[in-house]
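Novice: I need the structure of the sequence given here:
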Amino acid sequence: MPRKRSNRPPVDPNFEREAKKYDNPIASRELILESVVEAGNPLEFEEIAERLGITSEEQTEALRRRLRAMERDGQLLCNRRGAYLPVEQADLLRGRVIGHPDGFGFLVPDDQSDDLFLSPRQMRGVLHGDRVLGRVMGVDHRGRREGGIIEILERGSEQVVGRIRIEDGVGVVTPDNKRITHDILIPPDGLGAAGDDQIVVVRIRPQASRKARLRGEVVEVLGEHMAPGMEIDIAIRAHGLPFQWPDEVTAAADRFGAEVPTTARKGRLDLRKKPLVTIDGEDARDFDDALYCEETDGGWRLWVAIADVSHYVDRDGALDKEARNRGTSVYFPKQVIPMLPEVLSNGLCSLNPDVERLCMVCEMEIGKRGALRNFAFHEGVMRSHARLTYTQVAAMLVDGDETLRKQHARLLPHLERLHAVFKVLNAARNRRGAIDFDSTETRIEFGPERKIERIVPVERTDAHRLVEECMIAANVSAAKFLKKHKVPALYRIHDQPPPQKIDDLRDFLSGVGLTLGGGDEPTPSDYSAVLRAAADRPDKQLIQTVVLRSLSQAVYGPGLSGHFGLALNDYAHFTSPIRRYPDLLVHRGIRHVLRTGKAAGFAYSHSDMESLGEHCSMAERRADDATRDAIAWLKAEYMEDKVGDVFDGVVSGVTGFGLFVEIVDVFIDGLVHVTSLDNDFYHFDPIRHRLTGERGGRTFRIGDRLKVQVTRVSLDDRKIDLRLVDEEGRAAEPGGSGGKPSRKTGTRRESEEGRKPRRQGRRGRKPGSPARDESDGSKKGAEARSQPPKAPDPVKSEAGSAPVSGTKPKPRRRRSPSPEAVDSPPSAAATPAPAPTPAATRPTEPVESPPVPEPTRRRRRRVQPQGEVAMLIRPSSKSGADAQEPPAEAPSEKDTSTESDRRRSGRRRRRDSDS
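Specialist: Predicted structure coming up:
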């Protein structure tokens, strides 16, 4: 029962906070929610204003804007009568829409409850990424909660990038993001300068209702569909990556100049004489970290210096707002969208060699067995003594390159101490059971006009692992420091796998003779034991992939649950503030404690860190998706001119719809669709990650080595279609020319010798038997096969031409491809060589007729000259000069004609034999 309301306006506990933000503050969101909840029923606008004691016109307008903002953020719902009620009381769920390319979608609730399935009808009018209010509508036959959309709170993006088609002055844009399945109508007044078949950016216009078709207007023309560099422009806009610098941001960055001012050095630890060095890749442009190590009686003292970005980027300034919006730098091939302007990221903040830079320093004491004994943080100033690469460090420390060792003789003792501390840190990592996966990273090398020249693997050396172990030690120290001082912070959280994934993993491992220890809560050591047991097995890749997929996804948050994969209880990102916003927040927390000695007064609360963690996790996924899209486009473009080529491949994924195969030495994945496998019914086993044929019993699993042929490449879909090639190297039952996969394509399980003999007579003959004479037997099959095939008589067209006088129809038979067809499918233009036509009936001038493609699914009867020996010679799978010897005919194992076609064909055969 609602409480009796006093006539006096309620006291706002957050008044001081509101007064700092606004000159004429109004009731806070918390007070408004409390007032509506206290009422016990929906309140209209005037009732809310009355309860809050708002009377002036200025405050009334401010309240109206605040209520709209609370609606947008999913705190209040305005019903059909115009009254407001809390979302929680309406049994509604706030969340984000995740679209699926097949038209349906999911609502991912903010409260972390189970997703709601959204049917294609519910997805009408909403887009992937939209924030909405939804309601549980029921449960479908699969046990999933079905949802309904009540209201769109916020568009995920007001702009969509796609390809435009213009017809009769009206444009239709197909979004490049395949999770957006709506075509967007562009009326004539919204076309702007767009031309047909161009890539454009469209602003979505407001809809009259959710059921109305989406309409938009062109706001930017990116260029032609296949222009170089277009893949990155598309990925940036399709995923809504901020890429343009506002004027106030560039102005704020330019104010700092190029050198560290003298006043900024005061009160800082002077490290300019310590030989700190940076170790990065050859193509790195921003340098976050520098390292130095010295030996002590009990082990080593390790110094990790990190660029002090927090000195230049103040909270809530123009630079901070833009950095928070971006969340992370995005690394495309040969292009970077930085989190901070380049004058900071590549200049004043970057630890470039031989210049003074401000830094945050983590000083650590490492024991002789790799234990982190003690640590301390300092605000410092440093000078990098060298810019080294991973290749150089590995050559000096591992390969013993004398030239490089002499060149860097002054730094060599320090590098060798770094190598020594790496070895003990790595040994400690192995003892605690950190999970380590053996994966291959690649690098794309470009040629002229930004075309991929090759894709090369990146060798991971001790130099990479050295830097990684030092960074992990610094991250652990930062997390322990913040935890000790109880400062709200963002930690890197990698939770233990959920129980269902653990059960599925155990079911899989039991089928391959392995076990996962640890009971209901296995530890990282238990997972590492499985990987060690699989190290020398032929199915190592399969086991490693399944173990990896059973793990949870790492996110950012204020919790202290630790990092499961690294087997660490405390872990935060501290080492890359130039390119990651969570690292910048960690620096601010450490700086606050260093300067004040306590957590009180820190500018961020626990709830602030929750919302920032969600945003930074989203920005990380957004950057990964955009990068993956751009690379997939480039790889598809690289494979365009390789349609028809045959490669060795390894199965990298198994799904219900087919096999993902990675092409060996090319590092590109393609799909072998299940419909292109053998003439069999394949069943997917999600526990054992395999496809198994129902009749033949052939099984495909991750790690299987196959030979595949590229059949189709689609740049729009960023997909590469493959089909299997059998052990002899020929495509199994190609479905015709043009690179299109056939539903009957697949690898034959049985060998040629192991096949059952086919029925003889009209239906066919035994494999390997000579071709039979269909007339008087005056020519033997062997003689007929020894004759080269003659070109078709020019009087006949490919199909549908009038027969030569004195001829009768000749049956044409389908066949399996010959073993000679290794690299290319048979040409559709190849036709049987007819018997010679009498000279009297030959025309004096050739009559040309346009070629018509032969039908592929229905057999037709060909004309055959009378009075001549008609040999049933099957055409070679090679055409032109490559057609040497016509192979023996073998009828297809599976007729694709319909039942009615077969009955008509049988009647024609009986009629012909009777005549």
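Novice: who's in contact with residue 77?
Specialist: When contacts are counted by C-beta atoms under 8 Å, 6 or more residues apart in numbering, residue 77 touches 71, 84, 85, 86, 87, 90, 92, 133, 150, 151. All C-beta atoms are positioned from the backbone trio N, CA, C, and that covers glycine.
Novice: where does it land in three-state SS?
Specialist: Under DSSP: H, G, I helix; E, B strand; the rest coil, residue 77 falls in the strand class.
Novice: picking up where we left off before, between the contacts of residue 77, identify the one with the most neighbours.
Specialist: Highest neighbour count within the contacts of residue 77: residue 84, with 23 neighbours (other C-beta atoms under 10 Å).
Novice: Let me have the contacts of residue 77 in CSV, adding secondary structure and pLDDT as columns.
Specialist: Converted to CSV, these look like this (DSSP: H, G, I helix; E, B strand; the rest coil; pLDDT from 0 to 100):
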residue, secondary structure, pLDDT
71, helix, 79
84, strand, 81
85, strand, 76
86, strand, 78
87, coil, 71
90, helix, 56
92, coil, 76
133, strand, 81
150, strand, 79
151, strand, 78
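Novice: quick one: which of the residues you listed is nearest residue 545?
Specialist: Comparing those against residue 545 with C-beta to C-beta places residue 133 closest, at 38.5 Å.
Novice: quick one: contacts for the closest one?
Specialist: Residues in contact with residue 133 (C-beta under 8 Å, 6+ apart) are 74, 77, 87, 92, 93, 94, 149, 150, 151, 153.
Novice: And the furthest pair within those?
Specialist: Within these, two members stand farthest from each other by C-beta to C-beta: 87 and 149, at 14.0 Å.
Novice: Which parts of the stretch 601-750 of the chain are strands?
Specialist: Assigned by DSSP state E, counting those that start in this stretch, the stretch 601-750 of the chain shows strands spanning 646-655, 658-663, 668-673, 682-685, 690-693, 699-701, 705-714, 719-725.
Novice: Let's have those in CSV, adding mean pLDDT.
Specialist: Formatted as CSV, these follow (pLDDT from 0 to 100):
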stretch, mean pLDDT
strand 646-655, 92
strand 658-663, 93
strand 668-673, 93
strand 682-685, 91
strand 690-693, 91
strand 699-701, 91
strand 705-714, 93
strand 719-725, 92
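Novice: between the ones you listed, which gets nearest to residue 339?
Specialist: Residue 339 lies closest to strand 668-673 among those, at 29.7 Å (C-beta to C-beta).
Novice: circling back to that earlier point, want to throw the strands of the stretch 601-750 of the chain into TSV with mean neighbour count and distance to residue 294?
Specialist: Listed next are the strands of the stretch 601-750 of the chain as TSV, based on neighbours: other C-beta atoms under 10 Å; distance: least, C-beta to C-beta, whole Å:
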stretch	mean neighbour count	distance to residue 294
strand 646-655	19	45
strand 658-663	23	45
strand 668-673	22	46
strand 682-685	16	56
strand 690-693	20	54
strand 699-701	18	51
strand 705-714	20	50
strand 719-725	23	52
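Novice: For those strands, give me JSON lines that also has distance to residue 553.
Specialist: Listed next are the strands of the stretch 601-750 of the chain as JSON lines, based on distance: least, C-beta to C-beta, whole Å:
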{"stretch": "strand 646-655", "distance to residue 553": "18"}
{"stretch": "strand 658-663", "distance to residue 553": "20"}
{"stretch": "strand 668-673", "distance to residue 553": "21"}
{"stretch": "strand 682-685", "distance to residue 553": "24"}
{"stretch": "strand 690-693", "distance to residue 553": "25"}
{"stretch": "strand 699-701", "distance to residue 553": "25"}
{"stretch": "strand 705-714", "distance to residue 553": "29"}
{"stretch": "strand 719-725", "distance to residue 553": "25"}
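Novice: returning to what we had before: show me which of the contacts of residue 133 is closest to residue 55.
Specialist: Nearest to residue 55 among the contacts of residue 133, with distances taken as C-beta to C-beta, is residue 77, at 25.8 Å.
Novice: Quickly list what the closest one is bridged to.
Specialist: Note on residue 77: beta-bridge partners by DSSP bridges are residue 85.
Novice: Quick one: residues contacting the closest residue in space to residue 694 that isn't next to it in sequence.
Specialist: The shortest distance from residue 694 to any residue other than its chain neighbours is 4.2 Å, reached at residue 681 (C-beta to C-beta, 6 or more residues apart in numbering). Contacts for residue 681 (C-beta under 8 Å, 6+ apart) come out as 693, 694, 695.
Novice: Look up how far residue 671 lies from the second one.
Specialist: Remark: distance between residue 694 and residue 671 (C-beta to C-beta, to the nearest Å) = 21 Å.
Novice: dump the residue contacts of the closest residue to residue 648 other than its chain neighbours.
Specialist: Nearest residue to residue 648 in three dimensions, chain neighbours excluded: residue 664, at 4.4 Å (C-beta to C-beta, 6+ apart). By C-beta under 8 Å, 6+ apart, the contact set of residue 664 is 647, 648, 649, 650.
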